[in-house]
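Enquirer: Okay, here's the prediction I keep looking at, along with the sequence it came from:
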Amino acid sequence: MAPIWVFDPVAFVIPGVGWPVRYYGIIFGCVLVAGFLFFRWQAVRAGRPEDEAYAFVAPGALGVLLGARLGHVLFYNFDRFLHDPAWMIRVWDGGLASHGATLGLILALWLFSRRWKRPFWDTCDRFSFSAAFGAAMVRLGNFLNSEIVGKVTDGPFGVRFPGYDRLPAEFTPARYPSQLAEFGLGLAILGVLLWLDRRLGREKRPRGALSAAFLILYFSGRFLVEFIKERHGAADDFILSRGQLLSLPGILLGVLLLRRILKQRRAAAPGGRG
C-alpha cells in the first residue's frame, strides 16, 4: 500500500499575535540566505565588492515573488483574475508559478547588470547556483504543503496526499511525488553547475556557459516531470501541458546560447574562422 503523507505545514505560531509561521516560509528564507551566499562567493572570487551581492537581495526576491504571482495569474488563472482582480494581490490565497518566477528573475538580473555595469550573461552565470538551489528547495516546500502533486498511479512510487485530495486516507488515491522529482532535479543541476564551473576553469569559463547549462537542464527536466504531474489550471486536452509549453522557450534559449558560445570558441581557436 502506498505511504500516506500527512504533515502540518505550520511550524509554530508567534506568541501574542497568533501569526502562523509555515515551513514553506522558513524554506523560502533559507533560499534567500543560501542564494545570497552563492552569489557572494561568485562576486568575491571575481574580485568584486561584497556590496554587489548584498545589493541584489531585495530586487532578486522582489523579482521572484512578483514574477511568480503574475505568472500564476496570467498562465494558469487569468479567468479568475478577470472575475476578481483583487485576487492578484491576495498572495496568501495561493498561486505562484515557477516559469513566472524565472521571467521576473531574468528581468531583475538584467536591471542589476545594467546598474553595476556588468555583462548580463556573466551575472546570470554567477547567479545560476542560487537559482538551482532555489528551484530544488521550493519543491521541497511544495511537498511539505501537499501541493503541486503528481498524477494518480498504481505503480510502486505512489504517495497518498489526503490534504490535497480532501479525502480520508483510506480513500485517497496514490500519486507520483512529482515535487520530490523536481527537488532532486534542482540538486542534481546544482551539482552539475559546480562541476562545470571547475571543469571550465572557474573564472576562465566561457561567458554564458553556466546559464546555458541551467536553462537546458532545468527546463528539459521540467518538461519531463510534467508527464507525471497533475495538470494545474489547464482545462484543455492538448498533448502537452501548459507547463511543458512554457518550458520550451527556456530550452530554446539555452540551446541558442550554447550554440553561440561554441561558435565563438571555434572562431577564437587557432586556425578557426572568424
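Expert: Perfect, I can see it now.
Enquirer: which residues of the stretch 1-150 of the chain fall in helices?
Expert: In the stretch 1-150 of the chain, the helices defined using DSSP state H, counting those that start in this stretch lie at 23-45, 50-75, 78-83, 98-115, 120-144.
Enquirer: Please identify the deepest-packed of the ones you listed.
Expert: Counting by mean count of other C-beta atoms under 10 Å, helix 120-144 has the highest mean neighbour count of the helices of the stretch 1-150 of the chain, with a mean of 23. All C-beta spots, glycine's among them, are computed from the backbone N, C-alpha and C.
Enquirer: related to what we said a few turns ago, the helices of the stretch 1-150 of the chain: lowest mean pLDDT?
Expert: With a mean of 77, helix 78-83 has the lowest mean pLDDT of the helices of the stretch 1-150 of the chain.
Enquirer: quick one on the thing from earlier: okay if I get the helices of the stretch 1-150 of the chain as a markdown table plus distance to V152?
Expert: As requested, the helices of the stretch 1-150 of the chain are exported to a markdown table (distance: least, C-beta to C-beta, whole Å):
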| stretch | distance to V152 |
| --- | --- |
| helix 23-45 | 24 |
| helix 50-75 | 24 |
| helix 78-83 | 25 |
| helix 98-115 | 23 |
| helix 120-144 | 17 |
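Enquirer: Phi, psi for V159 please.
Expert: According to degrees, to the nearest 10, the main-chain angles of V159 amount to phi -130, psi 140.
Enquirer: What's opposite it in the beta bridge?
Expert: Note on V159: beta-bridge partners R175, judged by DSSP bridges.
Enquirer: what's it in contact with, if anything?
Expert: Residues near V159 by C-beta atoms under 8 Å, 6 or more residues apart in numbering: 2-5, 174-177.
Enquirer: Of the residues you listed, which pair is most distant in space?
Expert: When C-beta to C-beta is used, the two most widely separated members of the contacts of V159 are I4 and Y176, lying 15.0 Å apart.
Enquirer: residues in contact with Q244?
Expert: By C-beta under 8 Å, 6+ apart, Q244 lies in contact with 222-223, 226.
Enquirer: Show me which of the residues you listed are buried.
Expert: 222-223, 226 (16 or more other C-beta atoms under 10 Å).
Enquirer: Give me the distance from stretch 8-22 to the chain's centre.
Expert: Distance of stretch 8-22 from the chain centroid (C-alpha atoms, centre = their mean, to the nearest Å) equals 26 Å.
Enquirer: which residues sit against that stretch?
Expert: Contact with stretch 8-22 is made by 23-24, 26, 144-146, as judged by C-beta under 8 Å, 6+ apart.
Enquirer: one more time with 10 Å, if that's ok
Expert: Residues outside stretch 8-22 that contact it (C-beta atoms under 10 Å, 6 or more residues apart in numbering) are 23-29, 141, 144-147, 163.
Enquirer: if we can go back for a sec, most neighbours, which of the contacts of V159?
Expert: Counting neighbours by other C-beta atoms under 10 Å, R175 comes out on top of the contacts of V159 with 24 neighbours.
Enquirer: ok, back up a step: farthest-apart pair in the contacts of stretch 8-22, please.
Expert: G29 and G163 (22.7 Å).
Enquirer: With adjacent residues omitted, what lies nearest to the spatially most central residue of the chain?
Expert: Most central in the chain under C-alpha atoms, centre = their mean is A135, positioned 3.4 Å from the mean C-alpha point. Leaving out its chain neighbours, the residue that sits closest to A135 by C-beta to C-beta, 6 or more residues apart in numbering is G186, at 4.0 Å.
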